[in-house]
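*Asks:* turn this into a model:
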Amino acid sequence: MPWKTSWISALAAVLTVAAPLQASARPNIIVFLADDLGYGELGCYGQKKIKTPNLDQLAADGMRFTDFYSGHAVCAPSRCVMLTGKHTGHSFVRENSEGRAAQAEERNRIKAADGYLPQIALPASETTYASALQKSGYRTACVGKWGLGHPSNEGSPNKHGFDLFYGYISQWQAHYYYPTYLWRNDVKEPLEGNDGKVGRQHAADLMEHEALRFLETRADKPFFLYYATPVPHVSLQVPPDEPSLAEYKQAFAGQDPPYDGKKSYLPTEDPRAIYAAMVTRMDRTLGKFRELLKRTGQDQNTLIIFTSDNGATFNGGYDREFFGGNLPLRGMKTQLWDGGIRTPFIAAWPGSIQPGQVSKFVGASWDLFPTFAEIVGFPVPAGLDGVSILPTLKGDVAAQKQHDHLYWETVAGGHQAVRMGPWKGIRLGVIKNPSAPVQLFNLETDISETTDVAAQHPDIARKMAAIMTAGRVPSAEFPMGELDRPGLRP
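*Replies:* Numbers count the residues shown, from 1 in each chain. Below you'll find the predicted structure:
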């Protein structure tokens, strides 16, 4: 049946291997992942108040996707899904979590040493596409925010395919841009002049410098850079010398009330101006990457993908309504409405992706694993949920395999969602009510998910419910109450 989840069909799957390209033809790959950047916060997606000229140019030079989704509505599970190619119905990390009570002793030991709790560790049994690229002869680096473990356990980025890691290990530390140290692989590098919340050395600038140094290093093999910037996640902090800050302060004069910090994160006098400047500074980083690639002659053989880990947030002084951060979508970070999971997605690859393209392909971050496999020629593990989008990137729409559906779940609150063609189904509070009804929306005519049409299309609503039941594989780490009871399993 077309609605059965890929994890069921994968039980009979075997490894598939794409025909490898010659080493000289294998492209460099950059995945630039923003943190909490909403669907409507780039100029090429309709933003009017924040300037993003470099990302707008990236879209003009390549392909902009209108219906692409992240793996989850919050940080850690979204990153796990993107790297491992498994949706949250059976990915290892399904929620922001520090792990079970049985792991408290290790967590407390790490917190005593680092000052921050680590996230639950991505186990060695999970394969990332970074590992596959590394084994295929790529130089690999992760620069930015990790959030999937710690150097002392299986979750170290160096154990998941990265020759170099530089940045934040813990998401908790990444809430501030002036940390007292950053990690280089499994070693802490102190940052003089920072006290953890304010200081002189801005983490995003240090990460930009490290990434540029990696990109400039010449070698006789291709590179893969996973640039997981913490921007524009709150707290709202940008270096005072940011050129656009004064411009935004002037533009928003009289309409930028101070944020007192009482609800969460740091207070600031100019929250709207600072947020806009953070995004513009991030945009400039992308521009620097492209300038370096052109200067070193690598631009024609480099695939750049830009996206976000989830939708725009709701706290820390950020004003989603002022910026229209997720418009025209409903919802926000933490939610399975499209505003929490539909994200910007731009791909540029000179000579392979024709410029100025807009794709309505319905895809998700778990498509990256099979896409890179087809491009490079490494094996795809059985049980993944993605499809290669290489045909779409190359303009061969007729050859593009379509998803039967996409599936998400959030353990926090117990919510489930499915995208199937133009249809979106969402079910809320299933931990308390396993029989919660499916709300159904036609996104072609109702992109903002305002009108539930389940009563008019009961057959589609029933299919959605069946997908949700089948899509959920019970997890000891991330239980969902009654939904995991054997009698409710298919």
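*Asks:* tell me which element F224 falls in.
*Replies:* F224 is part of strand 223-228, with elements assigned from DSSP states H and E.
*Asks:* the top helix by length along the chain packs against which elements?
*Replies:* Counting by DSSP state H, the longest helix found in the chain is helix 271-295. Counting by 3 or more CB pairs under 8 Å, 6 or more residues apart in numbering; DSSP states H and E, the packing neighbours recorded for helix 271-295 are strand 28-34, helix 53-61, helix 203-216, helix 243-251, strand 302-308, helix 320-323. To be clear about C-beta, it is placed using only N, CA and C from the backbone, and glycine gets the same treatment.
*Asks:* R109 is nearest to which of the ones you listed?
*Replies:* Between R109 and the helices and strands packed on helix 271-295, the shortest gap by CB to CB is with helix 203-216, which sits at 24.5 Å.
*Asks:* tally of neighbours for the nearest residue in space to F68 that is not next to it in sequence?
*Replies:* Of all residues not flanking F68 in the chain, F345 sits nearest, at 3.5 Å (CB to CB, 6 or more residues apart in numbering). Neighbour count for F345, taken as other CB atoms under 10 Å: 27.
*Asks:* spit out the contact partners of F345.
*Replies:* By CB atoms under 8 Å, 6 or more residues apart in numbering, F345 lies in contact with R64, F65, F68, I305, F306, T307, G363.
*Asks:* check K262 too.
*Replies:* So K262 contacts nothing (CB under 8 Å, 6+ apart).
*Asks:* and what about it, helix, strand or coil?
*Replies:* Under the three-state scheme (DSSP: H, G, I helix; E, B strand; the rest coil), K262 adopts coil.
*Asks:* returning to that earlier point: who does the residue nearest to F68 bridge with?
*Replies:* Beta bridges link F345 to F65, T307 when assigned by DSSP bridges.
*Asks:* so for stretch 353-373, mean pLDDT?
*Replies:* Taken as a whole, stretch 353-373 carries a mean pLDDT of 98.
*Asks:* list the buried ones in that stretch?
*Replies:* By neighbour count, with 16 or more other CB atoms under 10 Å as the criterion, the buried positions of stretch 353-373 are 353, 357, 359, 361-373.
*Asks:* likewise stretch 156-172?
*Replies:* By neighbour count with 16+ other CB under 10 Å, stretch 156-172 contains the buried residues 156-157, 159-172.
*Asks:* of all the buried residues of stretch 353-373, which comes closest to P422?
*Replies:* Nearest to P422 out of the buried residues of stretch 353-373 is V362 (CB to CB; 8.6 Å).
*Asks:* ok, that closest one - contacts?
*Replies:* Shown in contact with V362 (CB under 8 Å, 6+ apart): D67, F68, Q402, H403, L406, R419, G421.
*Asks:* so can I have JSON lines of those residues showing distance to R462?
*Replies:* Formatted as JSON lines, the contacts of V362 follow (distance: CB to CB, whole Å):
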{"residue": "D67", "distance to R462": "24"}
{"residue": "F68", "distance to R462": "27"}
{"residue": "Q402", "distance to R462": "21"}
{"residue": "H403", "distance to R462": "19"}
{"residue": "L406", "distance to R462": "18"}
{"residue": "R419", "distance to R462": "17"}
{"residue": "G421", "distance to R462": "15"}
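*Asks:* residues contacting the residue positioned nearest the centre of the chain?
*Replies:* Nearest residue to the geometric centre of the chain (CA atoms, centre = their mean): D309, 2.4 Å. By CB under 8 Å, 6+ apart, the contact set of D309 is L33, A34, D35, D36, S70, H72, C75, S78, R79, M82, T343.
*Asks:* ok, and what's touching the one helix or strand C142 maps to?
*Replies:* Using DSSP H and E, C142 sits in strand 139-145. The contact list for strand 139-145, computed with CB under 8 Å, 6+ apart, reads 33, 35, 75, 130, 133-134, 157, 161-168, 171, 174, 207, 210-211, 214, 217, 219, 221-230.
*Asks:* below-threshold pLDDT in this protein: ranges please.
*Replies:* Along the chain, segments meeting pLDDT under 70 span 1-24, 100-102, 485-490.
*Asks:* let's see that with 80 instead.
*Replies:* Residue ranges of the chain with pLDDT under 80: 1-25, 100-103, 481-490.
*Asks:* in it, what residue spans correspond to helices?
*Replies:* Assigned helices in the chain, in chain order: 6-9, 53-61, 75-84, 104-114, 129-135, 203-216, 243-251, 271-295, 320-323, 338-341, 368-376, 390-393, 458-471 (criterion: DSSP H).
*Asks:* out of the ones you listed, which comes closest to Q439?
*Replies:* Using CB to CB, the nearest of the helices of the chain to Q439 is helix 458-471, at 8.4 Å.
*Asks:* kindly export that closest one (C-alpha atoms) in CSV.
*Replies:* Extracted as CSV, the C-alpha positions of helix 458-471 are listed here (Å, rounded to 0.1, in the frame of the first residue of the first chain):
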residue,chain,number,x,y,z
PRO,A,458,-12.4,10.8,5.8
ASP,A,459,-10.5,8.3,3.6
ILE,A,460,-7.4,10.5,3.5
ALA,A,461,-7.7,11.1,7.3
ARG,A,462,-7.8,7.4,7.9
LYS,A,463,-4.7,6.9,5.8
MET,A,464,-2.9,9.6,7.7
ALA,A,465,-3.9,7.9,11.0
ALA,A,466,-2.6,4.5,9.7
ILE,A,467,0.7,6.1,8.7
MET,A,468,1.1,7.7,12.1
THR,A,469,0.5,4.3,13.8
ALA,A,470,2.9,2.5,11.6
GLY,A,471,5.5,5.2,11.6
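*Asks:* buried residues in that helix?
*Replies:* Buried, per 16+ other CB under 10 Å, within helix 458-471: I460, A461, K463, M464, A465, A466, I467, M468, T469, A470, G471.
*Asks:* packing partners for it?
*Replies:* For helix 458-471, the packing partners by 3+ CB pairs under 8 Å, 6+ apart come out as strand 406-410, strand 415-420, strand 423-427, strand 439-442.
*Asks:* what angle do it and strand 406-410 make?
*Replies:* With axes from the mean of the first three to the mean of the last three CA atoms, to 10 degrees applied, the angle from helix 458-471 to strand 406-410 works out at 60 degrees.
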